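>>> Prediction below, plus the sequence it came from.
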Amino acid sequence: MSRFTLIETPLSGLTLLQRHPIGDQRGYLERLFCREELAAIIGEREIIQINHTLTATAGTIRGMHFQRAPHAEMKLVTCLTGEVFDVAVDLRRDSPTFLHWHAEHLGADNHRTLVIPEGFAHGFQTLTDDCELIYLHTAAYQPEAEAGLNALDPRLAIPWPAPVGDRSARDRDHPLLDHTFTAFEA
Ligand SMILES: Cc1cn([C@H]2C[C@H](O)[C@@H](COP(=O)(O)OP(=O)(O)O[C@H]3O[C@@H](C)C(=O)[C@@H](O)[C@H]3O)O2)c(=O)[nH]c1=O
């Protein structure tokens, strides 16, 4: 029995997972990750770090973040409590969808995970209070390799669904892309 359906998105390599919980009278059990079932998208990568975040207030935006090469990583992003508008931006040099974004609602109720490969920036807006996300990472955290896009950059024009709430100082300071921008070394 398959625990996941893999759903392609308009951005090649960016995959949505529909998780299939196994329910009974007590509730359910579901897999958040399975190396064997996800081999087609995970390949030889290994999950080497798992992060958990709590975001207290609806409307908060975190991101858009990525790690530069050679520390680029794949992330599997899951929202276990609450609901978020989750966004990935294609930063791959020469990609036909360069700077295009794709968004999915991830939440406790829809059992969906977004698999964000190397070469994408990631961010989200909380749509409920007390959102808890869990991230599975294939590379170690490297603060010196961290980079970001401004979530409110007009060149990205991401239609955040709720009024923009709290953001970290770092995220507010990410510069806007200018007309000379062609690519990050993501
Ligand atoms: C990501 C990370 C942060 N930290 C520290 C740095 C800082 O003191 C504190 C909070 O970090 P940040 O402000 O970067 O947290 P946050 O803004 O939530 O960063 C996250 O944003 C989303 C959009 C992502 O995609 C994640 O990969 C991650 O970049 O935790 C670690 O120690 N290990 C880690 O792996």
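Here it is on my side, so go on. Numbering: from 1, shown residues only.

>>> In which helix or strand does the most centrally placed residue in the chain reside?
In the chain, the C-alpha nearest the mean C-alpha coordinate belongs to H122, at 4.5 Å (C-alpha atoms, centre = their mean). Counting by DSSP states H and E, the element that carries H122 is strand 120-126.

>>> what helices or strands is that strand leaning on?
For strand 120-126, the packing partners by 3 or more C-beta pairs under 8 Å, 6 or more residues apart in numbering; DSSP states H and E come out as strand 61-67, strand 75-81, strand 83-90. Using the backbone N, CA and C atoms, a C-beta is placed for each residue, glycine as well.

>>> Only the buried residues of the second one, if you could.
By 16 or more other C-beta atoms under 10 Å, the buried positions in strand 75-81 come out as 75-79.

>>> can you give me the strands for this structure?
For the chain, the strands defined by DSSP state E occupy 4-8, 15-19, 22-24, 27-29, 49-55, 61-67, 75-81, 83-90, 101-107, 112-116, 120-126, 131-137, 146-148.

>>> Can you lay out these as CSV showing mean pLDDT?
What follows is the strands of the chain, written out as CSV (pLDDT from 0 to 100):
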stretch, mean pLDDT
strand 4-8, 97
strand 15-19, 98
strand 22-24, 97
strand 27-29, 97
strand 49-55, 98
strand 61-67, 97
strand 75-81, 98
strand 83-90, 98
strand 101-107, 98
strand 112-116, 98
strand 120-126, 98
strand 131-137, 98
strand 146-148, 95
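
>>> Just the closest of the buried residues of strand 75-81 to the ligand, please.
The shortest approach to the ligand among the buried residues of strand 75-81 belongs to K75, at 5.8 Å (C-beta to the nearest ligand atom).

>>> Any idea how far stretch 150-161 is from the middle of the chain?
With C-alpha atoms, centre = their mean, to the nearest Å as the basis, stretch 150-161 stands 15 Å off its chain's centre.

>>> Okay, now it: how far is its last residue from its first?
By C-alpha to C-alpha, to the nearest Å, the extent of stretch 150-161 from end to end equals 16 Å.

>>> right, is that stretch up against the ligand?
No. Counting by C-beta under 6 Å from any ligand atom, the ligand is not contacted by stretch 150-161; separation bottoms out at 9.0 Å.
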